[in-house]
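Novice: Generate a structure from the sequence data that follows.
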Amino acid sequence: MKGKINKNILLNVVLVLSVLVLLFCGVQIVRSLVDYRRAGDKYDQLGDDMEDIINGTTASATTAAPVSDPAATSVEEPPETTAPAPVVREEYREMAERLHTLKEQYPDLFGWIYIKFGEDQVINLPVMKGDDNNYYISHAYDGTESKSGAIFADYRNTDRRIDLNQNLIFYGHNMNNSSMFALVSSRYKQEELFQSVPIVFYSMEGKYTFNVFSIYNAKAGEDYDRIGFASGSLKDYCLEKQLRSFFTKNLEFDGSETILTLVTCTNYATDGRIIVHGVLDGYDSFYD
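Specialist: Next up, the predicted model:
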């Protein structure tokens, strides 16, 4: 009888512990869903505004009233011989104004990434750059804590002029709700999209278009995060990454390129990464 009572007590303890574990897991899931929802709402609001601006751009090159290039502004009164401030091109007026407004609100803003795989499959997000590569893993663009984090540039990259970077690196989470860089992982693994969908990046001074040439699996700590290359070694690097790719594009390189690298997790290994490389093949300045 005593053994049966002890067995019942043990079963009850196990049952209670199981219920507590389930409750804890449930609370964690709810918290994650709420966090995802808040992050999604936050980014959707910004993205909707930017989507309208991107889709509303025209091919016109009409000049408009001056909008200062931040690199050309000065605190002191310029001498009479100083050249006039750059004038924004009409087709990029709204984009330049929007990015400068966001930069005033969020000083870490690096630019804006836009990748359109389909009507409802778009990466349309701000890119931040902190003092390290840790902060925006767990913080949204506005500095609030978030499991979704933010898309962010490697802190070693320069924003003085994008094409001065040999390897521009953007990091982002591979979220289960398809946000952040989840589409990078899933859509560029479709050969048709790999061959046809470019990466567009709007910096503070212009629009950069990158032709994707490689996608592959890697482990954390591999050499995808090299930002500087000795003479001639960037060409070898690009050719090696092209050969490693799931799909072939066979671009030619001469070692003077600027490449863009997108880094996200695989979601099935703690140290697994999906790497996408693109090479700069188009630039359009906001300014005349």
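Novice: Which residue lies nearest the spatial centre of this structure?
Specialist: I151 (3.8 Å; CA atoms, centre = their mean).
Novice: residue contacts, that residue?
Specialist: I113, L125, P126, V127, M128, Y136, F170, Y171, G172, M180, F181 (CB atoms under 8 Å, 6 or more residues apart in numbering). Where you see a C-beta, it was placed from the backbone N, CA and C, and this is true even at glycine.
Novice: The last one against H173, yeah?
Specialist: This points to F181. Yes: if you go by CB atoms under 8 Å, F181 and H173 touch, sitting 6.4 Å apart.
Novice: Look at those two and report which has more neighbours.
Specialist: F181 (25 against 22; other CB atoms under 10 Å).
Novice: measure the more buried one to P84 for me?
Specialist: 41 Å (CB to CB, to the nearest Å).
Novice: next one: Y135
Specialist: On the measure of CB to CB, Y135 and P84 end up 38 Å apart.
Novice: So between those two, which is more surrounded?
Specialist: When Y135 and P84 are compared for neighbours, Y135 comes out ahead with 17 against 8, by other CB under 10 Å.
Novice: give the contact list for the closest residue to the more buried one other than its chain neighbours.
Specialist: The shortest distance from Y135 to any non-neighbouring residue, by CB to CB, 6 or more residues apart in numbering, is to F152 (7.9 Å). For F152, the contact set (CB under 8 Å, 6+ apart) comprises F110, V127, M128, K129, G130, N133, Y135, Y136, I137, F170, Y171, G172.
Novice: F152 bridge partners, please.
Specialist: Listed beta-bridge partners, F152: M128, Y171 (assigned using DSSP bridges).
Novice: mind listing the helices for the chain?
Specialist: Under the criterion DSSP state H, the chain contains helices at 2-55, 93-105, 182-187, 191-196, 233-244.
Novice: need the contact list for I227.
Specialist: So I227 contacts D154, R156, N157, N165, Q166, N167, I169 (CB under 8 Å, 6+ apart).
Novice: just L262 next, same as before
Specialist: Per CB under 8 Å, 6+ apart, neighbours of L262: F170, G172, F181, V184, I199, I275, V276, H277, G278.
Novice: Tell me the spacing between the first one and D52.
Specialist: The reference is to F170. Taken as CB to CB, the span from F170 to D52 is 23 Å.
Novice: do the third one as well
Specialist: Counting by CB to CB, the separation of F181 from D52 is 23 Å.
Novice: re earlier: so for F181 and H173, which residues contact both of them?
Specialist: Joint contacts of F181 and H173 (CB under 8 Å, 6+ apart) are T264.
Novice: OK, contacts around E257?
Specialist: Counting by CB under 8 Å, 6+ apart, E257 has contacts Q166, L234, K235, C238, V279, L280.
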